[in-house]
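> give the three-dimensional model of this entry:
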Amino acid sequence: MPPPSDIVKVAIEWPGANAQLMEIDQVTPAPHPAVSALAEANGRTMFTTDMCMYARAARQLLDRIQSHGIDARLEALKELAKLSADPTFATEFISMEGIGTLARLVESGYCGFGEMLAFTLTAFLELMDHGIVSWDLISLSFIKQIAGYVNQPMVDVSILQRSLAILESMVLNSHSLYHRVAQEITVGQLIGHLQVSNQEIQTYAIALINALFLKAPEDRRQVSTEMASTLAQKHLRSIILNHVIRGNRPIKAEMAHQLYVLQVLTFNLLEERMMTKMDPSDQAQRDIIFELRRIAFDGENDPSGTEKRKAMYTKDYKMLGFTNHVNPAMDFTQTPPGMLALDNMLYLAKLHQDTYIRIVLENSSREDKHECPFGRCAIELTRMLCEILQVGELPNEGCNDYHPMFFTHDRAWEEFFCVCIQLLNKTWKEMRATAEDFNKVMQVVREQITRTLAMKPSSLDQLKGKLRGLSYSEILRLRQSERMSQDDFQSPPIIELRERIQPEILELIKQQRLNRLCEGSCFRKLGNRRRQEKFWFCRLSLNHKVLHYGDLDESPQGEVPFELLTDKIPVSDIKSVVTGKDCPHMKEKSALKQNKEVLEQAFSILYDPDENLNFVAPNKYEYCIWTDGLCALLGREMGSDLTRSDLDTLISMEMKLRLLDLENITIPEAPPPVPKEPSTYNFTYNYG
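Just a heads-up that it's a prediction; the model follows:
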């Protein structure tokens with residue numbers, strides 16, 4: 001019986017391998033991109049969806065890698081490095097013990113230190129990132145070899161980068177490998193890689209430091225303290241400040257994230273003290289309170305004063321502002337801030353003694369109702385700073401919110417507290433506050449601190465200057481200005497007008513969201529805990545009928561053409577859009593459940609038959625744009641915070657314009673011309 005007319009036989013040749021005769025179905029759709037890439041790399045065109053093709057490709061590559069010809073092996077490793085990112089190909093290659101083959105090449109030193117080693121490490125890392133096999137299977141000799149590349153002074157940049165990334169993945173993905181890597185790599189060895197001019201190497205080095213920091217075993221309570229001591233001894237902070245933050249290159253997003261993670265992990269060293277209650281029966285702890293009293297009232301040369309009458313002690317403790325005058329140790333039994341508040345107070349008293357004495361004596365000389373209670377304020381301020389800086393919380397994936405000023409001082413936390421306690425005392429005086437106003441003062445101080453942190457001061461001195469500019473009167477002015485910009489008209493005619501124009505504004509917002517989906521967005525893949533940048537792009541067709549998406553090698557500049565996006569989903573096949581913990585990729589990755597920010601920016605499209613397309617938005621704005629746009633696409637209500645904010649803003653503007661029109665005030669079509677170098681931006685509208 002003759003073969004079907006749609007089937008043709010072709011011979012396919014591979015370098016270093018025998019030709020193979022294969023049957024190809026001419027009417028079958030094009031293959032998976034990985035197989036197409038494999039074919040194009042060998043100058044051939046293949047059209048088949050037979051899964052055996054992946055197995056054949058994997059087998060032939062593996063055979064060529066194990067061949068004796070160096071040139072053939074190098075070409076095979078180049079192809080493997082390219083194709084290993086494809087999960088289907090990776091599954092086939094790994095099933096043939098491909099990981100073990102690559103590991104043995106590295107362990108034997110056969111690859112040398114050039115291109116062959118770089119491609120081998122790239123392929124190994126890509127294959128392991130799929131999570132098909134456990135990192136626990138990695139041998140100690142392989143770890144030693146990779147660590148050797150990191151410790152070697154003149155290793156090639158590409159090899160060093162991949163070696164750092166492999167070690168980071170080992171630490172993040174295996175508790176047992178943490179100990180092995182920690183034995184081979186020290187912080188001192190990694191610090192050397194922070195002093196280079198290559199920011200990518202600096203980023204991977206800090207990422208590995210963060211991984212070692214983050215995955216320190218919980219059963220060893222001294223690990224964090226020991227590591228903090230090690231980092232301080234090695235001057236890590238000053239090296240990061242001088243070679244990274246104050247370097248001549250702009251900080252890229254990934255570096256900003258790693259600096260943020262290091263900042264969070266450093267502040268998390270305070271968690272143990274923050275959650276430790278004071279033991280009123282512990283004499284050593286009570287002596288700290290005695291020291292606070294002595295510094296404030298007895299002078300530097302006077303002994304501890306423990307022989308004074310208890311009545312005098314009670315008076316002194318009242319002047320110090322403790323809530324419990326008889327036994328101030330009881331003020332430190334609430335957690336947070338626990339003993340951390342007492343640590344801050346002692347640091348201020350010893351390192352900034354003049355400031356401490358001035359604050360205490362200044363308030364003790366005021367009328368009772370206007371005195372600012374130093375002890376109570378210091379305890380509440382410490383609690384507030386812990387909340388603002390999220391002490392004890394895990395770093396958020398994708399967050400880049402690091403503060404340069406915290407890298408400018410070895411005791412940045414304590415110095416930050418000292419600046420803020422002076423601000424609190426100043427604000428208390430400006431508000432002419434009494435004890436009944438305590439919570440109001442703390443609210444103003446929180447606003448002063450958060451507004452200033454948002455300005456990203458580069459040093460503690462800059463922080464002080466910006467805080468001086470945010471006085472209580474300035475906070476009142478800002479609040480009033482913000483209230484005026486968010487006027488809410490409550491009269492019945494205005495409410496009726498709002499209801500009439502709201503559908504029109506909602507339709508405008510809907511069209512904007514759909515237009516943004518047509519422009520498309522780039523998303524970062526979250527295939528593993530190692531933050532290697534991999535991207536994919538998704539956009540809606542101009543007729544709103546199809547979602548096009550596909551992988552990218554790098555973050556795009558501008559729109560990505562439809563022809564480059566190889567996959568698509570008909571909008572008619574979409575069943576629903578789910579968000580947060582209901583997303584399939586959030587259920588599958590338990591580690592991400594601890595990550596609040598990733599969870600809040602995750603959404604998935606569920607479509608027929610039982611497929612899903614999973615997203616993690618790069619920021620909250622893109623999350624709102626896409627979830628709103630998809631809801632609009634499916635004819636559902638847009639309910640994000642961004643939509644509510646846009647709706648309020650546009651309705652307010654439209655209402656103001658209509659009210660101006662009622663007053664016969666002509667609104668010009670174009671804004672007034674702006675001078676090239678204006679001396680002021682206080683423009684006014686002439687009603688005359």
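> C-alpha from now on. contacts and neighbour counts both.
Noted.
> what's the burial count for Tyr313?
19 (other C-alpha atoms under 10 Å).
> C-terminal to the helix or strand encompassing it, what's the next element?
According to DSSP states H and E, Tyr313 maps onto helix 310-319. On the C-terminal side of helix 310-319, the closest following helix or strand by DSSP H and E is helix 339-351.
> I'd like to know which elements that following helix is packed against.
Here helix 339-351 touches helix 271-274, helix 283-297, helix 353-364, helix 374-388, helix 412-430, going by 3 or more C-alpha pairs under 8 Å, 6 or more residues apart in numbering; DSSP states H and E.
> ok, then the element right after the longest helix along the chain?
Longest helix in the chain, counting residues (DSSP state H): helix 492-519. For helix 492-519, the following helix or strand on the C-terminal side (DSSP H and E) is strand 521-524.
> pairing partners for that next one, with directions?
Counting by DSSP bridges, the strands paired with strand 521-524 are strand 535-540 (antiparallel).
> residues touching Ile421, list them.
With C-alpha atoms under 8 Å, 6 or more residues apart in numbering as the criterion, the residues that contact Ile421 are Cys377, Ala378, Leu381.
> tell me the most packed of the residues you listed, by neighbour count.
Comparing the contacts of Ile421 by number of neighbours (other C-alpha under 10 Å), Ala378 comes first, having 23 neighbours.
> surely that one touches Asp343?
No - with contact defined as C-alpha atoms under 8 Å, Ala378 and Asp343 do not form a contacting pair (10.3 Å).
> which residues touch Met170?
The contact partners of Met170, by C-alpha under 8 Å, 6+ apart, come to Trp135, Leu177, Tyr178, Val181.
> what helix or strand does the third one sit in?
Tyr178 is part of helix 175-184 when elements are defined by DSSP H and E.
> quick one: list the elements packing against that helix.
Identification of packing neighbours for helix 175-184 by 3+ C-alpha pairs under 8 Å, 6+ apart yields helix 140-151, helix 157-173.
> I'd like the next helix or strand past it.
Going down the chain from helix 175-184, the next helix or strand is helix 187-191, by DSSP H and E.
> for the helix or strand just after that following helix, buried residues please.
Moving toward the C-terminus from helix 187-191, the first helix or strand encountered (DSSP H and E) is helix 199-214. By neighbour count with 16 or more other C-alpha atoms under 10 Å, helix 199-214 contains the buried residues 199, 201-214.
> swap in stretch 386-394?
Along stretch 386-394, these residues count as buried under the neighbour rule (16+ other C-alpha under 10 Å): Cys386, Val391, Gly392, Glu393.
> turn those residues into a markdown table, including pLDDT, distance to Tyr317 and secondary structure.
Written out in a markdown table, the entries for those read as follows (pLDDT from 0 to 100; distance: C-alpha to C-alpha, whole Å; DSSP: H, G, I helix; E, B strand; the rest coil):
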| residue | pLDDT | distance to Tyr317 | secondary structure |
| --- | --- | --- | --- |
| Cys386 | 97 | 25 | helix |
| Val391 | 95 | 29 | coil |
| Gly392 | 91 | 31 | coil |
| Glu393 | 91 | 34 | coil |
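> re the thing from before, for the longest helix of the chain, buried residues please.
Taking 16+ other C-alpha under 10 Å as the basis for neighbour counts, the residues of helix 492-519 that come out buried are 498, 502, 505-506, 509-510, 513-519.
> got the angle between it and strand 535-540?
Angle of helix 492-519 versus strand 535-540, following axes from the mean of the first three to the mean of the last three C-alpha atoms, to 10 degrees, is 120 degrees.
> just checking, what packs against helix 492-519?
Under the contact definition 3+ C-alpha pairs under 8 Å, 6+ apart, helix 492-519 sits against strand 535-540, helix 620-633, helix 641-662.
> ok, the residue minimising distance to the centre of the chain to Leu346 distance?
When C-alpha atoms, centre = their mean is applied to the chain, the residue found nearest the centroid is Cys399 (2.2 Å). Between Cys399 and Leu346 the distance, using C-alpha to C-alpha, to the nearest Å, works out to 33 Å.
> run through the stretch 1-150 of the chain and note the low-pLDDT ranges.
Counting by pLDDT under 70, the ranges of the stretch 1-150 of the chain that qualify are 1-51.
> follow-up on the earlier one: got the helices and strands packed on helix 175-184 as CSV, with distance to Gly321 columns?
Compiled in CSV, these are given as follows (distance: least, C-alpha to C-alpha, whole Å):
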stretch, distance to Gly321
helix 140-151, 54
helix 157-173, 46
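> so of those, which one's packed in deepest?
When these are scored by mean count of other C-alpha atoms under 10 Å, the highest mean neighbour count falls to helix 157-173 (a mean of 23).
> what's the mean pLDDT across it?
If you average the pLDDT over helix 157-173, you get 94.
> related to what we said a few turns ago, quick one: which of the buried residues of stretch 386-394 is nearest to Leu351?
Among the buried residues of stretch 386-394, Cys386 lies closest to Leu351 (C-alpha to C-alpha), at 21.2 Å.
> with adjacent residues omitted, what lies nearest to the closest one?
Pro337 (7.7 Å; C-alpha to C-alpha, 6 or more residues apart in numbering).
> count of neighbours near Gln353?
Using other C-alpha under 10 Å, Gln353 has 15 other residues around it.
> so who does His175 touch?
With C-alpha under 8 Å, 6+ apart, His175 has these contacts: Lys215, Pro217.
> please report the distance of it from Trp135.
Between His175 and Trp135 the distance, using C-alpha to C-alpha, works out to 10 Å.
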